[in-house]
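**Student:** quick one, what's the 3D model for this:
(chains A and B)
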Amino acid sequence: MLEVFIFATLNGVVTGLLLFMLASGLTLIFSMMGVLNFAHASFYMLGAYFAYSISLTMGFWLGLIFAPLIVGVIGAMVERYGLRRVHKSGHVAELVFTFGAAFLIEESIQFFWGPDTKNYQSPDILDFPLFILFGQEFSAYRGFMILISMSIFIVLFRVLTRSRIGIIIQAAITHPHTVSNLGHNVPLIFMGVFGVGTALAGLAGVIAGPVLTTFPGMAVVLGSIVFVIVVIGGLGSLAGAFIASLLIGLLQSYAIASNVGMPDLLNLLGVSFARDHPLNDLWTVTLPQIAPILPFLLLVLVLIFRPTGLLGKREE
Amino acid sequence: MKNKYITNKFNGLLICALLSLGGISQAQEPVRIAFMDPLSGTFASIGTSGLKQIQFAADYLFNSRGGILGGRMIEIVALDNKQSPTETQLQFRRAVSDGLQIIFQGNSSAVANTLSTTISRFNRRNPGKEVLQINYSAVDPILTEDNCSFWHFRFDAHAVMKLDVLTDFIAMNEDIKSMYIIGQDYSFGHVVADTAIRFLNEKRPDIEIVGSEFHPIGQVKDFTPYVTKIVSSGADAVITGNFGADMVSLARSIIDSGLDIPIYTFYAAYDGITATLGEDGKGRIHLIHNETSNPIPTQERKEFIRAFKAKNPNNDVTQPRLTNALSMVVAAMEKTQSTDPYDIALALEDMRFTTLGGEEIWMRGEDHQIFQSLHISVHTDEGVEFDADNSGFGLRSIYHVPAEETIVETSCQMRRPRR
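**Tutor:** Residues are numbered from 1 along each chain as shown, chains lettered A, B, ... in the order given. Take a look at the predicted model:
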C-alpha cells in the first residue's frame, strides 16, 4: 500500500505542477484584464504542436526554447490586435472573443497538422528511470517536468514580488489609472503579461506533449480543469493557484489510487440495495471511477463555503 | 505541413474533377450515402480516417468503374456527430431532411445505440421514408441482441465474439497468472470487463483478476496513476477496450512506467497510435480484429491498399470492414436494382460475400451480425509489408480463427416491418 501512496503522491505532484504552469498565466491575465481567457489551454496545445514540429528537425531542446517563445509572440499579438480592440465593448465581448479564439486555434491545428496523434517523444537523454522503488520506475523525464515547473514557480514568484517590473505589474492590477498617470505604458504591460502567460502555457504544452500525448483534443481535456484551479485558488492569486493546482493533482491521483467506493460506505452503514435497484449505478460507484470529476465537486464546495477562493482577496 | 496541405487540396480537386466528369458523362442522380462519425474534437482522427477510406472505396471500387445501378455514382456525405449522442440526433434530422436513407456509423456503441433507437422510431412513424443503419465498428453486443433492429446491420464482430477469441489466445499462454482489466466507463467498456472476466474464469480459473477499473471516456489527462495501480497489482497482462487518445495515452503510460507485460487490445493501431508506440510497444501490444494485416492474403487487397496509400500518403486502410460494408450494400442494391432501404435490408440478410481479402463472409439474417474470420495481431516491425503511420511498424497476424468458430447464439427477437 505504501508504494501506491508514494507513487500517487509523485504523480499528483507532477500533474499539479503541470496544471500550475497553465493556471499561473491564466490567473495573472485574469487579475490584469478581468477576463477569463478561454483560449488559454489552446495555447498549451499550440506549444506542444510547435515543439513537435521543431523537434522533428532540430531536436527536443530547441523545441523547448523556441516553441514557448513563438506561442508567447502569438499570444501577445492576439492581445495587441484582438483583445485590445474588443476591450472597448466590455467584458462580455472579450469573453466571447477568447472563446472564439479557442475554436479557431483548435481547428487551425487540425487543418495544418491533421487530426492524428503526433509521435512527439521525450529526448533520449532523459529516457532512463530516475529511480526504482518497489519495482516501479519513475522516469527521469517526469523528474525533469517537476524541475522545470518548480523553477518557473520560483522565478515567477520572485519577479512578481521582488523586482521592479513585478511591482509595476501588481500596481497595474489594482490601480491601472494611477500607474498610467505615473508614466508607465499600461497597455504594453498588459500585452507583456498576456504574452508571458501564453508562453507559460506553451511551455507546459512542450513538456506535457510527450507524456500526455499530442493530439487535437489535448486542450479540451485540460481546459476546464484549469478554470477550476483558478477559481479554487482565488482569482488573481498566484500562491492560491499553486496550492489549488497541487491540491487537485493530488486529489485526483489519490482518488484513482484508492480502492474504496459506495459499496464500502454502504457496508459501513449496514445498508444494502438489491442489484436491480433503479439507482444501482449510484450504489456501486467507486472513487477511482469518479476521480476526474472530483475537482468540479471541490469547485462547487469552495464556491458555496468560500466564494473568494482559498487565497482570493476580492471584497464582497 | 505545407506539403500536406497542398496535396490535400490537390486530392480534393482531383476528386471534384472526377466527380464532375462523372456528372457530365452520366447525368444520372448519384446514390447518396451518409457517413456519420466524429470529424472534430477528441476522437476526430478515427472519424476522418474512416471518411477517407469509405470515400476512396467508393471511388476506387465503383465510381471509377462506371458507377453502380447502371451508371449512378456513389456520393459520400460527411456528417460530424462529434461522437455525442445529442449531436447524433441533430445530424440524423439533417440526414433525413437531406433525403439520405443510408447511414454509415461506427464509433462509440453509445452513439450507435442512440442512432438505432432513433432510426427504429423514425421508420415506424414514416413508412416509405425508412433509413438504414450500417454499423461498421460499434461492437456492444446488445445492438444485435436485446436491442436488435431490422434496420441495423453490423459489419464487425461484436465484443463477446472478439473476447472469446482473445481469451482463448490468452488461455494458451501459461505464463499469465493474473490479469488487469481497464476500460472506458460506458456500455462497451463494461461489456469488455464483464465478458473478459466471465471467459477467463471458464477457460483459465487459475488466472486471478487482480483489478478491473473504469475511467471516464476522453477525460483522463494522464494514465500514470492508473498504471501505478496496475504495477502494484502485480498483473501479468492487461486487457483494454480503449480507443483513440485513451488507448495511446494508456499504452504510453504503461511503457513509460517500465512495465514489461503484454497488452491485449481492440484498437491499438493506426491514426498515429502505431507511430507513437514505436519500438517500445514491439511484441507487447496485441490486437483482435477481422481481416488479416500482414501478410495480406490476396493481390486485390494489396493493390487496394497501395492505391489508397498513393492517394492518402498520411493515412492507412485501418478498417477493411468499411470497404466490406460498402461493397455488400452495393451488392444488395445491384441484386434488387433498388436503393430503397427495405429492399437493401432484405437482400443483405443471409448474404454471402467474398471480400477483397478472398474470404467469404456471412451476414446472419436472424440478428444482422456479420461472421468472418478473426485474427490476433502483434505490433512489430518484422515481417511487416504494409506498415502503419509510415513508421516501419505495423501489425502482423499471429493467430487465426475461421468464421465458423466465431459463430455465437443470439437473443435477438427482431420486430420485422410489414410491407
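
**Student:** and the host helix or strand of A:L69, what's buried?
**Tutor:** Element membership for A:L69, per DSSP states H and E: helix A:60-77. Buried residues in helix A:60-77, defined by neighbour count with 16 or more other CB atoms under 10 Å in any protein chain shown: A:F60, A:G63, A:L64, A:F66, A:A67, A:P68, A:I70, A:V71, A:G72, A:I74, A:G75, A:A76. For glycine as for every other residue, the C-beta is placed from the backbone atoms N, C-alpha and C.

**Student:** helices or strands up against that helix?
**Tutor:** With contacts taken as 3 or more CB pairs under 8 Å, 6 or more residues apart in numbering or on different chains; DSSP states H and E, helix A:60-77 sits against helix A:40-58, helix A:186-212.

**Student:** list the buried residues of the next helix or strand after it.
**Tutor:** On the C-terminal side of helix A:60-77, the closest following helix or strand by DSSP H and E is helix A:84-87. For helix A:84-87, a neighbour-count test (16+ other CB under 10 Å) marks A:R84, A:V86, A:H87 as buried.

**Student:** so which of these comes closest to chain B?
**Tutor:** Nearest to chain B out of the buried residues of helix A:84-87 is A:V86 (CB to the nearest CB; 25.1 Å).

**Student:** report pLDDT for the closest one.
**Tutor:** A:V86 is assigned 89 on the pLDDT scale.

**Student:** contacting residues around it?
**Tutor:** A:V86 makes contact with A:A93, A:E94, A:F97 under the criterion CB atoms under 8 Å, 6 or more residues apart in numbering or on different chains.

**Student:** looking at the residues you listed, which one is closest to A:R306?
**Tutor:** Nearest to A:R306 among those is A:E94, at 26.5 Å by CB to CB.

**Student:** skipping adjacent residues, who's closest to that closest one in space?
**Tutor:** A:V35 (4.5 Å; CB to CB, 6 or more residues apart in numbering or on different chains).

**Student:** next up, the contacts around that neighbour.
**Tutor:** Residues near A:V35 by CB under 8 Å, 6+ apart: A:I29, A:L83, A:H91, A:E94, A:L95, A:T98.

**Student:** just checking, which of those comes out lowest on pLDDT?
**Tutor:** Least confident by pLDDT among those: that is A:H91, with 83.

**Student:** is it in contact with A:G34, as I believe?
**Tutor:** Yes: if you go by CB atoms under 8 Å, A:H91 and A:G34 touch, sitting 6.2 Å apart.

**Student:** related to what we said a few turns ago, contacts for the helix holding A:L69 next, please.
**Tutor:** Applying CB under 8 Å, 6+ apart, the contact partners of helix A:60-77 are A:43, A:46-48, A:50-55, A:121-123, A:191-192, A:194-203, A:205-207.

**Student:** check contacts around residue 292.
**Tutor:** All of this refers to chain A. Each residue near A:P292 by CB under 8 Å, 6+ apart is listed here: A:Q252, B:H215, B:P216, B:Q219, B:V220.

**Student:** wait, chain B was what I had in mind.
**Tutor:** For B:T292, the contact set (CB under 8 Å, 6+ apart) comprises B:G357, B:S373, B:H375, B:S377, B:S397, B:H400.

**Student:** residues from the stretch 51-200 of chain A in reach of chain B?
**Tutor:** Counting by CB under 8 Å from any CB of the partner chain, the residues of the stretch 51-200 of chain A close to chain B are A:53, A:107, A:110-119, A:121, A:129, A:132, A:134-137, A:139, A:141-142.

**Student:** drop anything exposed from those residues.
**Tutor:** Buried among these (16+ other CB under 10 Å): A:53, A:110, A:113-119, A:121, A:129, A:136-137, A:139, A:141-142.

**Student:** so how many other residues sit close to A:R306?
**Tutor:** Number of residues near A:R306 (other CB atoms under 10 Å in any protein chain shown) recorded here: 13.

**Student:** what are the phi and psi values at the nearest residue to B:V231 once chain neighbours are set aside?
**Tutor:** Nearest residue to B:V231 in three dimensions, chain neighbours excluded: A:Q136, at 4.9 Å (CB to CB, 6+ apart). Main-chain dihedrals, A:Q136, degrees, to the nearest 10: phi -110, psi 140.

**Student:** please look at A:Q136 and B:G258 and confirm they touch.
**Tutor:** Yes: between A:Q136 and B:G258 a contact is recorded at 7.5 Å, counting by CB under 8 Å.

**Student:** near chain A, which residues of the stretch 101-250 of chain B?
**Tutor:** Contacts of the stretch 101-250 of chain B with chain A, taken as CB under 8 Å from any CB, map to B:185, B:213-216, B:218-222, B:224-226, B:228-229, B:231-232, B:245, B:248-249.
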